[in-house]
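> structure of the sequence below:
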Amino acid sequence: MVTARLDQGDKARALTAEGSTALASAAETALARRLPLVAWLTSSGPGLAEGVAGLDAWGRAARALARCSGVVPVVAVVDGPMLSGQSLLLGLADAVVMTSQALSYVSGPAAVAELTGAMVRPADLGGATVHASRSGLATLVARDAAHALTLVGELLSFLPAHCDELPPALPTADPVGRLSPELADVVPTRATGSYDVRQVVSAIADDRHVFELRPAWAPQLVTALARIGGHPVGVLANQPQAMSGTLDIAASQKGARFVSMCDAFNVPLLTLVDTSGFMPGRDLEWRGIIRHGAQLVYAYAEATVPRVCLVLRKAYGGAYIVMDSKGMGNDFCLAWPSAELAVMGAEGAVSIVHRRAKPEERARLVEEYQEKFLNPYVAAERGYVDAVIDPAETRPVVARCLGALRTKREALAPRRHGNSPL
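Okay, here's the model as predicted:
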């Protein structure tokens, strides 16, 4: 591991050309030696005395960090201010760990007040809590520097040193054949019933240990690292407890970023599906949910790591497609008996197809639609689902699927790079 520390004992110091050069050198060393890079970054802004030379230097640092992307893991740690344009360096890291003392923004409270007239405290503009829940910049929030170091160590334990290695496997006393009978009662019988999908993730994981990333941002989508049979796996799951697991712009960005990171560093993906679709709304459409929703589509379509999809309950319409469906190229698609793979729910389908039906007839049609279409067996007959499994056997079945895929390799297309939607 290569470590770059740019605070020089003074958390209010400007990022000088010398400091930027040191960061660039550390990134180049990490790339050359194929080692993870951990950068401890603090800066009050550009060094005014150096002028454009200082700006040029941190531009070189940014280029060096970008060259590391997808080759070696890059983790940034912030334990103080990281202000002005240099804060953009954080966006180039695979993960950002912020302590409770961290503060980061491009334009400060004075600039905001001058332009908008709104008075805002620094912590409310760019504190760790804000970046953990609103911007999504903070992957993890630590109590202090020592805790941050612990979190960095655990994160890197799931990742290889570089993209040409497999993630490290650790021995476990938790048998892969362990059953989870409690999962039989996780999904409520009511179609609108809620449950915590993290119960499913922990039941599948070794020793029930799950390392969740960005838990406070877009909580309707859980992204976490875990191990199954000692081998790391990235888990992406809809969370019915938040917004019924529907997808919006933030959730699409969160999922896409996670899928891309796992794919870059050879971490297999397990996708747990229970969502009725994308969140509707004029504001979301105007803000570009089409572009941002496509980010998740693109990330899955481009991923070459082993991919297992498990439909827990709802998988409707466009959300069925983007949550790593068979058409998106997953290797195994599993489903619980409670799974519903369809264009839409029964109520919506009946209201469209039988819009003139009387209320008493509508209830019968809804029941018929549910029996005929809202089950996994129709999809299984057509090859869209590989197996309908007992929820209690989820861990051993998923473990067998991932084991069978351990030697999977895909040849990448000869091109410079894709033009992913941003």
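> wait, a helix at residue 172?
No - read with DSSP: H, G, I helix; E, B strand; the rest coil, residue 172 is coil and lies in no helix.
> quick one: neighbours of it, just the number.
For residue 172, the count of nearby residues is 16 (other CB atoms under 10 Å). C-beta: built from backbone N, CA, C; applies to glycine.
> that one contacts residue 226, doesn't it?
No - at 11.2 Å, residue 172 and residue 226 do not qualify as touching, with contact defined as CB atoms under 8 Å.
> got any residues that touch both of these two?
Common neighbours of residue 172 and residue 226, counting by CB atoms under 8 Å, 6 or more residues apart in numbering, are residue 206.
> check the secondary structure at the closest residue in space to residue 188 that isn't next to it in sequence for me.
Among residues not flanking residue 188 along the chain, residue 195 sits closest, at 6.1 Å (CB to CB, 6 or more residues apart in numbering). What three-state DSSP gives for residue 195 is coil.
> can you check residue 71 too?
Classification of residue 71 using three-state DSSP returns coil.
> coming back round to it: hang on, isn't the residue nearest to residue 188 packed against residue 189?
No - using CB under 8 Å, residue 195 is not in contact with residue 189; the gap is 11.2 Å.
> these two: who's more crowded?
More crowded of residue 195 and residue 189, by other CB under 10 Å: residue 195, with 17 against 7.
> what's the more buried one in contact with, if anything?
Shown in contact with residue 195 (CB under 8 Å, 6+ apart): 186-188, 240-241.
> generate a markdown table for those, with secondary structure and neighbour count as supplementary columns.
Formatted as a markdown table, the contacts of residue 195 follow (DSSP: H, G, I helix; E, B strand; the rest coil; neighbours: other CB atoms under 10 Å):
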| residue | secondary structure | neighbour count |
| --- | --- | --- |
| 186 | coil | 18 |
| 187 | coil | 21 |
| 188 | coil | 13 |
| 240 | coil | 24 |
| 241 | coil | 15 |
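> lowest-confidence helix or strand of this protein?
helix 346-353 (a mean of 54; mean pLDDT, DSSP states H and E).
> where along the stretch 251-400 of the chain do the strands fall?
For the stretch 251-400 of the chain, the strands defined by DSSP state E, counting those that start in this stretch occupy 269-275, 307-316, 332-335, 340-342, 387-388.
> can you name the residues that contact residue 256?
Each residue near residue 256 by CB under 8 Å, 6+ apart is listed here: 295-296, 298-299.
> farthest-apart pair in those residues, please.
By the measure CB to CB, 296 and 298 form the most distant pair in these, at 7.4 Å.
> the two: who's more crowded?
Between residue 296 and residue 298, counted using other CB under 10 Å, the more crowded position is residue 296 (29 against 19).
> wait, doesn't the more buried one sit right on residue 258?
No - between residue 296 and residue 258 there is no contact under CB under 8 Å: 9.6 Å.
> just the CA trace of stretch 230-241, in CSV.
What follows is stretch 230-241, C-alpha atoms only, in CSV (Å, rounded to 0.1, in the frame of the first residue of the first chain):
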residue,chain,number,x,y,z
GLY,A,230,-14.4,-17.0,2.3
HIS,A,231,-14.5,-15.2,-1.1
PRO,A,232,-15.5,-11.5,-1.3
VAL,A,233,-18.7,-10.5,-3.1
GLY,A,234,-20.4,-7.2,-3.8
VAL,A,235,-24.0,-7.1,-2.9
LEU,A,236,-26.5,-4.7,-4.4
ALA,A,237,-30.1,-4.9,-3.0
ASN,A,238,-33.3,-2.9,-3.2
GLN,A,239,-34.4,-1.8,0.3
PRO,A,240,-38.2,-2.0,0.7
GLN,A,241,-38.0,0.0,4.0
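> give me the domain ranges for this structure.
The record's domain split for the chain, according to automatic domain parsing, is 2-157, 181-339+375-404.
> could you dump those domains to TSV with mean pLDDT?
Listed next are the domains of the chain as TSV, based on pLDDT from 0 to 100:
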stretch	mean pLDDT
domain 2-157	89
domain 181-339+375-404	94
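> dump the ones you listed into JSON lines; add distance to residue 166 as well.
Output for these, formatted as JSON lines (distance: least, CB to CB, whole Å):
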{"stretch": "domain 2-157", "distance to residue 166": "14"}
{"stretch": "domain 181-339+375-404", "distance to residue 166": "5"}
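> for residue 419, which of the ones you listed is the nearest?
Of all the domains of the chain, domain 181-339+375-404 sits nearest to residue 419, with 9.2 Å by CB to CB.
> first-to-last residue distance for the closest one?
Length of domain 181-339+375-404, first residue to last, CA to CA, to the nearest Å: 24 Å.
> gap between that domain and the chain center?
When C-alpha coordinates are averaged (CA atoms, centre = their mean, to the nearest Å), domain 181-339+375-404 and its chain have centres 11 Å apart.
> in a helix, residue 3, correct?
No - counting by three-state DSSP, residue 3 is not found in a helix; it is strand.
> now the contacts of residue 195 in a markdown table, with distance to residue 315?
Converted to a markdown table, the contacts of residue 195 look like this (distance: CB to CB, whole Å):
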| residue | distance to residue 315 |
| --- | --- |
| 186 | 16 |
| 187 | 13 |
| 188 | 17 |
| 240 | 13 |
| 241 | 18 |
